[in-house]
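Asks: what follows is a predicted protein model with its sequence.
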Amino acid sequence: EPVASATGTGNLPATEMGTLVHKILEELALPPSGEITAEAAYLDLLARRLFGPGTALNSHDYEGVSRLLNNFQGASVFAEIQSAAAGGRLRREHRFATLIDRTILTGMIDALCLSNEDGPLVIDYKTGVLEAGQSADEIAKQYQYQIKAYALAACREHPGPVRVALVFLDRPGEEYIAEFSEGDIDEFAVDLEDQIGKMAAGAFDPLDRPEPRYCALCSGGPNRMRLCPTGAKLNAFRR
């Protein structure tokens, strides 16, 4: 569904708004001081490049982008990202490939800040709308394997402690930040190997209740019967 702003509804669905903002944070210059700004003409061109020539943004889309960028600049890690960018130590859309037993795990980190003092800082931007009352720590549990994979990849490239930050752009100041030792990351490798083994064996535990992020993906897919054995939960969710 389109993203609602404080004054109305934009043309872009939430997923496309997330893609647009991620691309802005990948491409846009990060000044050593001052605010990040994205002009309407740039946003129009970028949206058409990403979603097709017929894409048209409205004032509420511009407002939504501005709000998410403002929240990004209010994050506690923003100053470190700026400093890394100014010093040539920022890697945006950083691709990685790391071996877990006999499986090559690949991925892309939104931003990787390299520091000689505190070890690497992994940044992951989350643009989804948060439910009322949800804390960053609660939401981070849903991304535990992503966090472990990113920390493992960063530590193998830059041995030592690793910090991981999930920055929730929908809500000002909402972040999850954790630091992991090399011992923690050794355990992550074991956890990831175990999870990969379960996936390879087709072991998927049914959901306790319908979840939009999962039900929308598995509807009609090969794992539907394993995630929702009777289909009753999925039908209830659709209603």
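Replies: Noted; the coordinates are in hand.
Asks: got the contact list for Ala189?
Replies: Ile100, Leu152 (Cβ atoms under 8 Å, 6 or more residues apart in numbering). Glycine gets a C-beta too; all of them are placed from N, C-alpha and C.
Asks: what about the strands in the chain?
Replies: Assigned strands in the chain, in chain order: 2-4, 9-13, 90-100, 103-113, 121-126, 162-168, 175-180 (criterion: DSSP state E).
Asks: just the buried residues of the last one, please?
Replies: By 16 or more other Cβ atoms under 10 Å, the buried positions in strand 175-180 come out as Glu175, Tyr176, Ile177, Phe180.
Asks: repeat for stretch 96-104
Replies: Under 16+ other Cβ under 10 Å, the buried positions of stretch 96-104 are Phe96, Thr98, Ile100.
Asks: and stretch 52-61, which residues are buried?
Replies: Thr55, Leu57, His60, Asp61.
Asks: wait, stretch 114-130
Replies: Those would be Leu114, Gly119, Pro120, Leu121, Val122, Ile123, Asp124, Tyr125, Lys126, Thr127, Leu130, for stretch 114-130 by 16+ other Cβ under 10 Å.
Asks: can you put the residues you listed in TSV and add distance to Gln146 and pLDDT?
Replies: Converted to TSV, the buried residues of stretch 114-130 look like this (distance: Cβ to Cβ, whole Å; pLDDT from 0 to 100):
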residue	distance to Gln146	pLDDT
Leu114	20	94
Gly119	19	87
Pro120	16	95
Leu121	16	97
Val122	10	98
Ile123	13	97
Asp124	7	97
Tyr125	12	96
Lys126	10	94
Thr127	15	90
Leu130	17	76
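Asks: which single one of these is nearest to Asp191?
Replies: Of all those, Asp191 sits closest to Val122, with 16.9 Å by Cβ to Cβ.
Asks: still on that earlier bit, would a markdown table of the buried residues of stretch 96-104 with distance to Leu169 and pLDDT be doable?
Replies: Formatted as a markdown table, these follow (distance: Cβ to Cβ, whole Å; pLDDT from 0 to 100):
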| residue | distance to Leu169 | pLDDT |
| --- | --- | --- |
| Phe96 | 23 | 97 |
| Thr98 | 27 | 95 |
| Ile100 | 30 | 95 |
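Asks: quick one: low-confidence parts of this structure?
Replies: Applying pLDDT under 70 to the chain flags residues 1-8, 116, 204-239.
Asks: quick check: bridge partners of the closest residue to Leu99 other than its chain neighbours?
Replies: Nearest non-adjacent residue to Leu99, counting by Cβ to Cβ, 6 or more residues apart in numbering: Leu105, 7.5 Å away. On the basis of DSSP bridges, Leu105 is bridged to Thr98.
Asks: in stretch 183-194, what counts as buried?
Replies: Neighbour-count burial for stretch 183-194 flags Asp184, Ile185, Phe188, Ala189, Leu192 (criterion: 16+ other Cβ under 10 Å).
Asks: and the residues you listed, which is closest to His158?
Replies: Ile185 (11.4 Å).
Asks: nearest spatial neighbour of the closest one, skipping sequence neighbours?
Replies: Per Cβ to Cβ, 6+ apart, closest to Ile185 is Cys155, 4.6 Å.
Asks: Glu187 is in contact with that neighbour, correct?
Replies: No: if you go by Cβ atoms under 8 Å, Cys155 and Glu187 don't touch, sitting 11.8 Å apart.
Asks: residues in contact with the nearest residue to Lys148 once chain neighbours are set aside?
Replies: Nearest residue to Lys148, sequence neighbours excluded (Cβ to Cβ, 6+ apart): Phe188, at 3.9 Å. Shown in contact with Phe188 (Cβ under 8 Å, 6+ apart): Lys148, Ala149, Ala151, Leu152, Phe180.
Asks: perfect, that will be all.
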